[in-house]
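Colleague: need coordinates for the below:
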Amino acid sequence: MSFLSLTEQDREQMLATIGVGAIDELFEQIPVGVRLGRALELEPALSEPELVAHLTELAARNIDTGREVSFLGAGIYDHYVPAVVDAVLARGEFLTAYTPYQPEMSQGVLQAIFEYQTAICELTGMDVSNASGYDGTTVAADACYLARQATGRSKVVLTEALNPQVRQVVKTYAPGFGLDVVEVPHRDGATDPDELRAAAAEAACVIFQQPNFFGCLEPAP
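Modeller: Take a look at the predicted model:
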């Protein structure tokens with residue numbers, strides 16, 4: 001969005017519109033005793049290259065995930081998105097509506113889903129492949145249901161060091177899927193492997209994340 005500063009004529013017209021003669025009149029309600037009464041003591045203005053260099057120097061004092069390994073947890077990880085993703089998404093045929101149910105307008109999305117399914121089937125040797133998942137939390141719930149169908153068991157084990165949103169969604173889906181959710185507590189931010197092994201007996205599946213929600217590495221169960 002372009003920006004053009006006000007001319008003196010613009011200022012006069014705006015002041016006349018609100019019925020004042022000068023900008024100072026806008027601040028008459030502020031007691032004189034609390035006004036600064038002088039210019040701010042600021043450093044001289046920097047050019048754009050100088051400002052970029054200065055801010056870069058300040059930012060370099062921080063410890064960032066580009067230089068150090070991060071275990072911040074709660075999903076704050078050093079996510080890597082390949083450059084090709086932006087290039088593909090910028091193509092016109094992918095700039096379509098969110099849901100791929102409109103004819104012609106969303107053919108790019110439908111083509112991408114078809115290519116994905118084809119690649120997954122070729123890689124795994126399966127006859128069919130899902131199209132996509134809504135998000136990670138619902139995919140976790142779907143995985144629990146598939147595990148129940150495959151094993152015939154209804155017990156699902158979650159660690160309390162798992163993202164609480166994932167745990168909440170799985171427990172929301174559980175009654176409809178016929179799942180019995182068992183949660184294993186954590187100690188000092190990590191799941192106890194002995195308790196996890198005990199809870200996993202006769203379970204359809206066990207769900208934990210690595211690193212976990214607290215940024216800790218889970219021991220091998």
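Colleague: from here on, just use CA atoms for contacts and neighbour counts.
Modeller: Noted.
Colleague: where do the helices of this structure begin and end?
Modeller: Under the criterion DSSP state H, the chain contains helices at 8-18, 48-59, 83-89, 107-124, 136-151, 164-177, 193-199.
Colleague: and Val81, how many residues sit next to it?
Modeller: Other residues near Val81 number 8, with proximity taken as other C-alpha atoms under 10 Å.
Colleague: thinking again about what came up before, ok, which of the helices of the chain comes nearest Phe213?
Modeller: Nearest to Phe213, of all these, is helix 164-177, at 8.1 Å by C-alpha to C-alpha.
Colleague: between helix 136-151 and that closest one, find me the angle.
Modeller: Orientation check (axes from the mean of the first three to the mean of the last three C-alpha atoms, to 10 degrees): helix 164-177 against helix 136-151 gives 40 degrees.
Colleague: that older thread, which among the helices of the chain is found nearest to Leu72?
Modeller: Closest among those, using C-alpha to C-alpha: helix 164-177, at 15.6 Å.
Colleague: packing partners for that closest one?
Modeller: helix 136-151, strand 180-184 (3 or more C-alpha pairs under 8 Å, 6 or more residues apart in numbering; DSSP states H and E).
Colleague: which among the helices of the chain is found nearest to Leu36?
Modeller: Taking the helices of the chain one by one with C-alpha to C-alpha, helix 8-18 is closest: 23.2 Å.
Colleague: ok, now which ones touch the residue nearest in space to the middle of the chain?
Modeller: Per C-alpha atoms, centre = their mean, the C-alpha nearest to the average position across the chain is that of Gly75, at 7.5 Å. Contact partners of Gly75, counting by C-alpha atoms under 8 Å, 6 or more residues apart in numbering, are Phe213.
Colleague: all good on my end, thank you.
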